[in-house]
Structures are given as structure tokens and as C-alpha cells.
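Colleague: coords below, sequence missing:
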């Protein structure tokens, strides 16, 4: 029950962020977490998730960051504004958090690439945005990577960056393969 309530709270926050970003002209894709709940299991409450994962074009990151800070989020690790281009060239994400009214912390991970540049895997996220689809369940302009791209992003993110540290991620891939 607690997981269901948390996932529904995340869903509401996700919708609000997507509306805000769309109003700013910042194209975002929601992926992992809630998207996997809906894509693989058919509803938002069956899979445990702890945060919101958002894919953004690197050219839009600074505007998205500014909006999150304006909405009361804090950066979980230092972002050197003076060296933004360098930071984004050697990293793949930034993390933000804020307290919800009920005292629970909301975490948002914003990624412009699924893997660190040090792995030397060429990555251009433009095709993910071109092939993205509207999430019929998301409303308010929530867009997600197409099914094949969700699979590729999971392989890159969890396989390369996180070395499959959780059985939950391996199980997600099995569900994808079963759906094909």
C-alpha cells in the first residue's frame, strides 16, 4: 500500500514537471521507474521506484535546472556553473531533491546521456526524442521513449553504468524480451 501511494505521488509530480517543462519549451522524456511500472506491468503501483528519471537534451539542461531550482529543488551535488560545459562533457546526470508537503523527499535525476563519457560509447539522444511517444496514461504532454528505446536505455544505463547491481533491472529486461 505504501508503494502504491508513493508511486502515485511520484506520478503527480511527474505530470507537474512535464507541464512546467513543456511551457518553457524544454522537451523531456520520462523513463525508467514509473514508465517501467506502466510499460511492463500495466499499472503504476506494481514496481517499486524511488525517484523520477528524466532524459533531456544537453542543450536544454541549464533551462531545466533553473526551473527545478525555482520550484524549490536543491542540487544533490555541486554543479559548477562557471564550468557547465566541462561538467556536462564529463558527466551524464544531475540530481535534485525537495521535500514534499508530507515530509517525504522527492528525488529527480536528470540525464543527458545514459552512460558516462569515459566509457567512450558514442551517444546522441536526439533520435530518442524523435521516436518518443506520448504516454496515453501520463496526460499533460508526458512523453516517453518508444519501447525499443526504453530497452536500449536500460541496457546502457543499468548494464554499463551500474553493472546490473539489482535483480530488479535484470527482471525488467526479461519482461521487455517477453513482450517482443
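Modeller: Ah, there it is. Being a predicted model, the structure only gives us computed values, none of them experimental.

Colleague: How about the residue sitting nearest the centre point of the chain, nearest residue that isn't a chain neighbour?
Modeller: Most central in the chain under Cα atoms, centre = their mean is residue 53, positioned 1.8 Å from the mean C-alpha point. Nearest residue to residue 53, sequence neighbours excluded (Cβ to Cβ, 6 or more residues apart in numbering): residue 32, at 4.1 Å. The C-beta positions use only the backbone N, C-alpha and C, and glycine is treated the same way.

Colleague: Hmm, that neighbour is touching residue 149, no?
Modeller: No: using Cβ atoms under 8 Å, residue 32 is not in contact with residue 149; the gap is 12.0 Å.

Colleague: higher neighbour count, those two?
Modeller: Shown here are residue 32 and residue 149; by other Cβ atoms under 10 Å, residue 32 has more neighbours (25 against 21).

Colleague: check contacts around that one.
Modeller: Residue 32 makes contact with 49, 53, 153-154, 157 under the criterion Cβ atoms under 8 Å, 6 or more residues apart in numbering.

Colleague: try residue 117
Modeller: Contacts of residue 117 (Cβ under 8 Å, 6+ apart): 89-92.

Colleague: Mind doing that once more with 7 Å?
Modeller: 89-90 (Cβ atoms under 7 Å, 6 or more residues apart in numbering).

Colleague: still on that earlier bit, secondary structure of the residue nearest to the centre of the chain: a strand, I assume?
Modeller: Yes: secondary structure of residue 53 (DSSP: H, G, I helix; E, B strand; the rest coil): part of a strand.

Colleague: mean confidence score for stretch 149-161?
Modeller: Mean pLDDT, stretch 149-161: 77.

Colleague: and if you look at stretch 35-48?
Modeller: Taken as a whole, stretch 35-48 carries a mean pLDDT of 81.

Colleague: what's in contact with that stretch?
Modeller: Identification of contacts with stretch 35-48 by Cβ under 7 Å, 6+ apart yields 3-4, 7-8, 11, 34, 49, 137, 144, 147, 150, 172, 175.

Colleague: out of those residues, who's nearest residue 28?
Modeller: Residue 28 has its nearest neighbour among those in residue 144, at 10.1 Å by Cβ to Cβ.

Colleague: For the protein, which residues score under the pLDDT cut-off?
Modeller: 1, 138, 158-170, 173, 176, 179-180 (pLDDT under 70).

Colleague: For it, which segments count as strands?
Modeller: With DSSP state E as the criterion, the chain has strands at 28-31, 52-56, 74-75, 93-99, 105-111, 133-134, 143-144.

Colleague: could those strands be laid out in TSV, adding distance to residue 42?
Modeller: Output for the strands of the chain, formatted as TSV (distance: least, Cβ to Cβ, whole Å):
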stretch	distance to residue 42
strand 28-31	17
strand 52-56	20
strand 74-75	35
strand 93-99	28
strand 105-111	24
strand 133-134	17
strand 143-144	15
